[in-house]
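Student: got a sequence here, can you build the structure:
(4 chains)
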Number of protein chains: 2
Amino acid sequence: MARRSPKIDARPLYEQVREALLQRVQAGHWPPGGPLPSEPALATELGVSQGTVRKALDALAQAHIVVRRQGRGTFVVEQTPAHVLFRFFNIFSDDGVQILPDSTKPRVTRARANAHEIKHLALAADGEVVRINRVRTHDSAPFVAETISLPCDVFSDLAKCAELPNTLYDFFQRHYGQLIVCADERVTAVVARAREARLLGIAKGTPLLRIDRIAFGIDERALEWRVSLCHLTAAHYLARLG
Amino acid sequence: MARRSPKIDARPLYEQVREALLQRVQAGHWPPGGPLPSEPALATELGVSQGTVRKALDALAQAHIVVRRQGRGTFVVEQTPAHVLFRFFNIFSDDGVQILPDSTKPRVTRARANAHEIKHLALAADGEVVRINRVRTHDSAPFVAETISLPCDVFSDLAKCAELPNTLYDFFQRHYGQLIVCADERVTAVVARAREARLLGIAKGTPLLRIDRIAFGIDERALEWRVSLCHLTAAHYLARLG
DNA sequence: CAGTGGTCTAGACCACGTG
DNA sequence: ACGTGGTCTAGACCACTGC
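Tutor: Purely as a prediction, here's the structure:
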């Protein structure tokens, strides 16, 4: 970076390069799946060595923001349904096979955010949300009741969509330029109340797994709050630690 | 490595260095918390450049097998109770504070492994296990009923221990040289049966979170199968994805 | 002060994918 | 054949730690 801004650098060079590239990705400077300039090109443009660019790109690759392919180049991650399910849908049958859910037709509404939504999505007191309600099925049997809340200021016209795909995060990237990069999931055990029992075709009082997910974009903004009430038979939620 | 074995190298150099260092750690070549040789020393000893050693050590640090401290050196990870809870106990109160459990006096027995234990711990058909049963408390209130199974061939004399600490993994490292580095946790919702209801002081039929953990050592061998039945009030299991 | 890991550079060569 | 990222090297300087 020519002569790095007078003195106040503080963070290492490769961090600054990472930041610069991150901002360009987020600004849509390169389209989803599109190639970044080569390492030597970025190095000369930014006035640093290729090794420094490499370290920055490796960090972005580890954060799943970019993918590197030897002999081809470095590309902005392009979410696909398979990719999204693989990374974010952590329910496996007890014999170890990942369960790939389908979705029924969702109900999409727009409303003032309630207290929970304001908290989880860091909205203003008068913020608005889009709510999606749907049931997910496996082998045509319902097993998850989902309620999804999205901030209206980002996903404004989503309430007007006629159809929604089974996986949303690839859709978010294509239509809103929002790349979901990480999420927190909070898991508890609850019992089915009347509404869930009806939706899932089970008896009231059946134990369910409740998963509260908050998903974050590149800038670490909370972009989705999703509550999944899961009726798991011979299946489980899988977390890998370490 | 002087002249790398004629031709059959296949894996990159830094991977081979990582492997070599990993084996020394596992063999107890350096004690828990003990320093490894400096980067230049390892580089000359192994006949590779310092940059290659660095890349191998960085990988070991990322896997929590080694910790690097600028100005001090590189050290074998030394498990501590705080460290173990921080990494492996993922229950948080709903206001976001991690819950730090205590333990009641455990019951320790030795037995032939049952079918589940044989499967989860990859034991021979006639393998033996040590079983630990205990209840964990928070603010003196019981909230987790734990059943832990360990392979006897590794933890042979554990059944004879009079006292067991609250956190086991630091104990495993000190007394058996076994460093737990990662784990899979399978989470489901169940209802309390008579035994759990009695242990946790709750009504039969209360929904519980069941966590099946399989913990792995450096060589990726399964060293523990732990079932935790958790009665969570205003608390949850937290998983971070991404 | 000497020694450690952390950053940064420059350049060589390799493995891969495409034309 | 060419350009890409992947590996490996060598050496400089910085930041931190402990004596």
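Student: show me which residues of chain A are close to DNA strand D?
Tutor: Counting by Cβ under 7 Å from any atom of the strand, the residues of chain A close to DNA strand D are A:36, A:38-41, A:51, A:54, A:58, A:68-74. From N, CA and C alone the C-beta is placed, and that goes for glycine too.
Student: make it 6 Å
Tutor: When proximity is defined by Cβ under 6 Å from any atom of the strand, chain A lies next to DNA strand D at A:38-40, A:68, A:70-71, A:73-74.
Student: do I have it right that A:F216 meets A:E185?
Tutor: No. Under the criterion of Cβ atoms under 8 Å, A:F216 makes no contact with A:E185, lying 12.0 Å away.
Student: what values do phi and psi take at the residue nearest the centre of chain A?
Tutor: The centroid of chain A falls nearest to A:I180 when counting by Cα atoms, centre = their mean (3.0 Å). Torsion angles at A:I180 (phi, psi; degrees, to the nearest 10) stand at phi -80, psi 120.
Student: contact partners for it?
Tutor: A:I180 sits next to A:79, A:84, A:88, A:169, A:172-173, A:215-217, A:223-224 when contact means Cβ atoms under 8 Å, 6 or more residues apart in numbering or on different chains.
Student: give me that answer again for 7 Å
Tutor: A:169, A:172, A:215, A:217, A:223 (Cβ atoms under 7 Å, 6 or more residues apart in numbering or on different chains).
Student: what about the helices in chain A?
Tutor: Listed in chain order, the helices found in chain A under DSSP state H are A:13-26, A:39-46, A:50-62, A:81-88, A:115-120, A:169-176, A:194-200.
Student: pLDDT of the last one, averaged?
Tutor: Which is helix A:194-200. What helix A:194-200 shows for mean pLDDT is 97.
Student: repeat for the fourth one
Tutor: In this model, helix A:81-88 has an average pLDDT of 97.
Student: can you list contacts of that helix?
Tutor: The contact list for helix A:81-88, computed with Cβ under 7 Å, 6+ apart, reads A:100, A:166-167, A:169-170, A:183, B:241.
Student: what's the domain layout of chain A?
Tutor: By the assignment in automatic domain parsing, chain A contains the domains A:13-76, A:81-237.
Student: so how far is the longest one from its chain's centroid?
Tutor: Taking the mean of its C-alpha atoms, domain A:81-237 sits 11 Å from the chain's own mean (Cα atoms, centre = their mean, to the nearest Å).
Student: now the contacts of A:I180 as CSV including distance to DNA strand C and neighbour count?
Tutor: Shown next, in CSV, are the contacts of A:I180 (distance: Cβ to the nearest atom of the strand, whole Å; neighbours: other Cβ atoms under 10 Å in any protein chain shown):
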residue, distance to DNA strand C, neighbour count
A:Y169, 25, 24
A:F172, 27, 23
A:A215, 29, 25
A:G217, 26, 20
A:L223, 30, 24
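Student: those residues into CSV, with extra columns for distance to chain B?
Tutor: Supplementary listing: the contacts of A:I180 in CSV, determined by distance: Cβ to the nearest Cβ, whole Å:
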residue, distance to chain B
A:Y169, 12
A:F172, 15
A:A215, 9
A:G217, 11
A:L223, 13
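Student: now, which of the residues you listed sits nearest A:H29?
Tutor: Using Cβ to Cβ, A:G217 comes nearest to A:H29 of these, at 15.8 Å.
Student: give me every residue that touches the closest one.
Tutor: Listed by Cβ under 7 Å, 6+ apart, the contact set of A:G217 reads A:178-181, A:223.
Student: and it, what are its bridge partners?
Tutor: With DSSP bridges as the criterion, A:G217 is bridged to A:I180.
Student: then the one 5 residues further on?
Tutor: For A:A222, the beta-bridge partners are A:F216 (DSSP bridges).
Student: pLDDT and neighbour count added to the residues of chain A next to DNA strand D, as JSON lines?
Tutor: JSON lines is the format used below for the residues of chain A next to DNA strand D (pLDDT from 0 to 100; neighbours: other Cβ atoms under 10 Å in any protein chain shown):
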{"residue": "A:S38", "pLDDT": "98", "neighbour count": "12"}
{"residue": "A:E39", "pLDDT": "98", "neighbour count": "19"}
{"residue": "A:P40", "pLDDT": "97", "neighbour count": "11"}
{"residue": "A:R68", "pLDDT": "98", "neighbour count": "15"}
{"residue": "A:Q70", "pLDDT": "97", "neighbour count": "5"}
{"residue": "A:G71", "pLDDT": "97", "neighbour count": "4"}
{"residue": "A:G73", "pLDDT": "98", "neighbour count": "14"}
{"residue": "A:T74", "pLDDT": "98", "neighbour count": "22"}
